[in-house]
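Participant: need coordinates for the below:
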Amino acid sequence: MKKASKPARNASDDLRPEYVFDYSKAKANPYAAQLKGRTVAVVLEPDVAAAFPNSKAVNKQLRAVVAAVPRRSRKRAAPRRRGGRTRG
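Facilitator: Sure, this is the predicted structure:
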C-alpha cells in the first residue's frame with residue numbers, strides 16, 4: 001500500500017498545521033444554485049454593526065430609509081442636441 005504524501009505547504013499559507021485541507025476531496029456547494037441572485041452580502045464597519053442586534057434590525061432600518069427617500073423618475077433625459085451654436 002502507498003503512503004499518502006503530505007501536501008506541499010507554501011510560506012504564505014494561512015491555515016494552521018492542524019487544519020490541512022485536501023482540495024482533491026472538495027465538493028461543489030449543492031445549494032449555491034438555489035441562492036444565486038437572491039442574496040447579497042454586505043460587510044458593515046464594526047462601529048455600524050455594533051448599533052444593530054441582528055440582520056433583521058439592519059434590514060428594517062434600511063427599508064425605512066429607502067421608503068423615506070424619494071424615488072427618481074425612470075424617464076430618460078432628453079438627448080443632447082448637436083448644433084453649431086456655442087454658449088458664450
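Participant: only C-alpha atoms for contact and neighbour calcs from this point on.
Facilitator: Will do.
Participant: what's the longest helix along the chain packed up against?
Facilitator: Secondary structure assigned by DSSP state H gives helix 55-68 as the longest helix of the chain. Helix 55-68 sits against no helix or strand, with contacts defined as 3 or more Cα pairs under 8 Å, 6 or more residues apart in numbering; DSSP states H and E.
Participant: please save the CA atoms from it in PDB.
Facilitator: C-alpha atoms of helix 55-68 as PDB (Å, rounded to 0.1, in the frame of the first residue of the first chain):
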ATOM      1  CA  SER A  55     -29.600  41.300  10.500                       C
ATOM      2  CA  LYS A  56     -33.300  41.700  10.800                       C
ATOM      3  CA  ALA A  57     -32.800  45.100  12.600                       C
ATOM      4  CA  VAL A  58     -30.400  46.200   9.800                       C
ATOM      5  CA  ASN A  59     -32.900  45.300   7.100                       C
ATOM      6  CA  LYS A  60     -35.800  47.000   9.000                       C
ATOM      7  CA  GLN A  61     -33.800  50.300   9.200                       C
ATOM      8  CA  LEU A  62     -32.600  50.100   5.600                       C
ATOM      9  CA  ARG A  63     -36.200  49.600   4.400                       C
ATOM     10  CA  ALA A  64     -37.300  52.700   6.500                       C
ATOM     11  CA  VAL A  65     -34.500  54.800   4.800                       C
ATOM     12  CA  VAL A  66     -35.400  53.500   1.300                       C
ATOM     13  CA  ALA A  67     -39.100  54.400   2.000                       C
ATOM     14  CA  ALA A  68     -38.200  57.900   3.200                       C
END
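Participant: hmm, who's touching that helix?
Facilitator: Outside helix 55-68, the residues within contact range by Cα atoms under 8 Å, 6 or more residues apart in numbering are residue 52.
Participant: give the rounded mean pLDDT of it.
Facilitator: Across helix 55-68, pLDDT averages out at 94.
Participant: and the strands in the protein?
Facilitator: For the chain, applying DSSP state E gives no strands.
Participant: flag the shaky bits of it, pLDDT-wise.
Facilitator: Filtered on pLDDT under 70, the chain yields the residue ranges 1-13, 15, 73-88.
Participant: ranges for the helices of the chain?
Facilitator: Using DSSP H, the helices of the chain run over 32-35, 46-49, 55-68.
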